[in-house]
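Enquirer: below: sequence and its predicted model.
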Amino acid sequence: MYRSFRRSACTLALALLLPLAFSTGAVAEEDLYRALGEVSPTTVSTAARSRLEYFTWREFDGNNRLLKESGPRLQLGASRSYNREDITFTPRIQGTFGYVDYDGQTQGGTPVGTKVRYVGFGVGADVGSIYHLKGESQVEPYLGLGWDYWRRDLRSTDQATGYLETWDSFYARGGARGETDLKVGGSAFKGYGELGLKMPLSTYNSAKFPGIGKTKVNPKGNLSLYGSLGLVRAHWRYGLFYDSWRFQVSETTQVGVDGSGNAVGLMQPKSRGDIFGLEAAYAF
């Protein structure tokens, strides 16, 4: 307790006397902590974000497209950034939902058009380092990990019976984000941007087909791109974004035998997901 009181008294004395010793300006807070031999405190900021996105999912057999899903979805998310001497830790969370159009075919090749309901959830965290550039500009390279889960509920039609499919993917990512001062229409804004690559490390794709039951495959991922670009005004951030997924064709899982005794298998074709749209965020 005595040591704490002595440090508190020293802090108070320095806080009162240092401004008198420097008539040209106040001493920055981090300089005060450095004078005490202490590490400056961690600053924390929270951001709530919404995204209106246009989602496209395509699957291929070689170069032949088997199906395409496309349509609007809504994503709501939040992040919390911890900054200690320009070393950052930023966990995030988001949920996604929406109905999109399905243009595909049955296992036998009959064309089918229907709707797909998507519900998704994701978490992740990045670790980065902020570098201050000219003026108020800064750039933050980072590395991170994340996990995304989504349910794909294909609706039944007169031609085909729908089914439920789930995906979950654990991935690594890396990139850089930054801000810089801008003048837009005589008003002071900041421009922001982010660009990075994402790599699925472990992915599980499970589907429950009528008459077959539940099957599971593990498609391997490929590198995919993501990024954003926009403006910052006070606490608000507005912009455009892009995200994507890339998966190779999976292994084949045997699900039974046909009438001739031959093995019947299912696999996940080569798949591509592309997402772009508008985003708005409020930081506090």
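Expert: On my side now, so go ahead. This is a predicted model, so every value here is computed, not measured. Numbers count the residues shown, from 1 in each chain.
Enquirer: now do the strands in the stretch 151-284 of the chain.
Expert: Counting by DSSP state E, counting those that start in this stretch, one finds strands in the stretch 151-284 of the chain at the ranges 163-184, 187-209, 213-217, 224-233, 236-247, 253-257, 263-266, 270-283.
Enquirer: which one of those lies closest to D103?
Expert: Distances from D103 to each of the strands of the stretch 151-284 of the chain were compared by CB to CB, and the smallest falls on strand 270-283, at 14.7 Å. (Glycine included, C-beta is placed from N, CA and C.)
Enquirer: before we move on, the earlier item: export the strands of the stretch 151-284 of the chain as CSV, with columns for mean pLDDT and distance to G77.
Expert: Converted to CSV, the strands of the stretch 151-284 of the chain look like this (pLDDT from 0 to 100; distance: least, CB to CB, whole Å):
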stretch, mean pLDDT, distance to G77
strand 163-184, 93, 15
strand 187-209, 92, 14
strand 213-217, 87, 28
strand 224-233, 96, 13
strand 236-247, 97, 11
strand 253-257, 71, 33
strand 263-266, 74, 33
strand 270-283, 97, 9
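Enquirer: dump those strands to TSV, plus mean neighbour count and distance to H132.
Expert: As requested, these are arranged in TSV below (neighbours: other CB atoms under 10 Å; distance: least, CB to CB, whole Å):
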stretch	mean neighbour count	distance to H132
strand 163-184	16	10
strand 187-209	16	14
strand 213-217	14	47
strand 224-233	16	16
strand 236-247	17	20
strand 253-257	12	52
strand 263-266	13	53
strand 270-283	17	19
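Enquirer: for K115, find the nearest of those.
Expert: In this view, those are compared for proximity to K115 by CB to CB, and strand 163-184 is the closest at 13.4 Å.
Enquirer: quick one: strands adjacent to that closest one?
Expert: Using DSSP bridges, strand 163-184 pairs in its sheet with strand 138-154 (antiparallel), strand 187-209 (antiparallel).
Enquirer: could I get those strands as TSV with distance to V112?
Expert: Formatted as TSV, the strands paired with strand 163-184 follow (distance: least, CB to CB, whole Å):
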stretch	distance to V112
strand 138-154	9
strand 187-209	14
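Enquirer: for the strands of the stretch 151-284 of the chain, which one sits closest to A47?
Expert: When the strands of the stretch 151-284 of the chain are ranked by proximity to A47 (CB to CB), strand 270-283 comes first, at 4.4 Å.
Enquirer: with only the CA atoms kept, save the closest one in CSV.
Expert: As requested, C-alpha coordinates have been extracted for strand 270-283 and formatted as CSV (Å, rounded to 0.1, in the frame of the first residue of the first chain):
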residue,chain,number,x,y,z
LYS,A,270,-15.0,-27.2,-56.7
SER,A,271,-16.6,-24.1,-55.2
ARG,A,272,-16.3,-20.4,-55.4
GLY,A,273,-17.9,-17.8,-53.2
ASP,A,274,-17.9,-14.1,-53.9
ILE,A,275,-19.4,-11.4,-51.7
PHE,A,276,-19.4,-7.6,-52.2
GLY,A,277,-21.6,-4.7,-51.0
LEU,A,278,-22.0,-1.7,-48.8
GLU,A,279,-20.9,-1.4,-45.2
ALA,A,280,-21.5,1.1,-42.4
ALA,A,281,-19.9,1.1,-38.9
TYR,A,282,-20.1,3.2,-35.7
ALA,A,283,-17.1,3.3,-33.4
